[in-house]
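Asks: Okay, predicted coordinates and the sequence, questions at the end:
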Amino acid sequence: MSRTTISSREFNQDVSKAKRNTEKGPVYITDRGQVSHVLLTIEAYQKLTGSQQNIVDLLAMQDSDKVTFKAPKLDKKIIKPVEFN
């Protein structure tokens with residue numbers, strides 16, 4: 001895994017290049033010579049943070065068992081049978 005360091009100016013001028021470089025490893029972005037940000041692929045970020053959640057986990061509501069939902073009744077006038085010709 002390589003480490004790429006670019007300035008904020010270089011990042012702003014070629015974001016696509018910075019994103020491509022993340023495939024080789026983290027991209028460190030400097031501001032006035034000091035590292036201020038790190039750009040990672042989502043896979044590298046998830047590996048680093050240990051968050052391998054799927055979409056169902058991400059969309060799940062906390063305390064969803066306490067939510068009551070009563071679906072409104074459908075107006076039968078708006079439902080029409082399909083006609084095949």
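Replies: Everything's here; your move. Only a predicted model underlies this, so the values are computations on that prediction, with no experimental measurement involved.

Asks: For Thr4, see how far away the spatially most central residue of the chain is.
Replies: Closest residue to the average C-alpha location of the chain: Ile42 at 7.6 Å, with Cα atoms, centre = their mean. Applying Cβ to Cβ, to the nearest Å, the value for Ile42 to Thr4 is 17 Å. Where you see a C-beta, it was placed from the backbone N, CA and C, and this is true even at glycine.

Asks: Tell me, please, where in this protein the pLDDT is lower than the cut-off.
Replies: Counting by pLDDT under 70, the chain contains low-confidence ranges at 52-53, 55, 57-59, 61, 64, 76.

Asks: And the helices in it?
Replies: In the chain, the helices defined using DSSP state H lie at 8-13, 15-21, 42-49, 55-59.

Asks: Present the ones you listed as a markdown table; the columns should include distance to Val35.
Replies: As requested, these are arranged in a markdown table below (distance: least, Cβ to Cβ, whole Å):
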| stretch | distance to Val35 |
| --- | --- |
| helix 8-13 | 11 |
| helix 15-21 | 14 |
| helix 42-49 | 16 |
| helix 55-59 | 30 |
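
Asks: What's the local residue count around Thr22?
Replies: Using other Cβ atoms under 10 Å, Thr22 has 18 other residues around it.

Asks: Name the nearest residue to it, sequence neighbours excluded.
Replies: Closest residue in space to Thr22, ignoring its immediate chain neighbours: Thr41 at 4.9 Å, by Cβ to Cβ, 6 or more residues apart in numbering.

Asks: separation between the one you found and Gly25?
Replies: Using Cβ to Cβ, one gets 9 Å for the distance from Thr41 to Gly25.

Asks: Next: Asp65.
Replies: The span separating Asp65 from Gly25 equals 43 Å under the rule Cβ to Cβ.

Asks: same check, this time on Ser16
Replies: For Ser16, the distance to Gly25 - Cβ to Cβ - is 17 Å.

Asks: Which one's more surrounded, those two?
Replies: Neighbour totals were compared for Ser16 and Gly25, and Gly25 leads with 14 against 7 (other Cβ under 10 Å).

Asks: isn't the more buried one right up against Thr4?
Replies: Yes - between Gly25 and Thr4 there is a contact under Cβ atoms under 8 Å: 6.8 Å.
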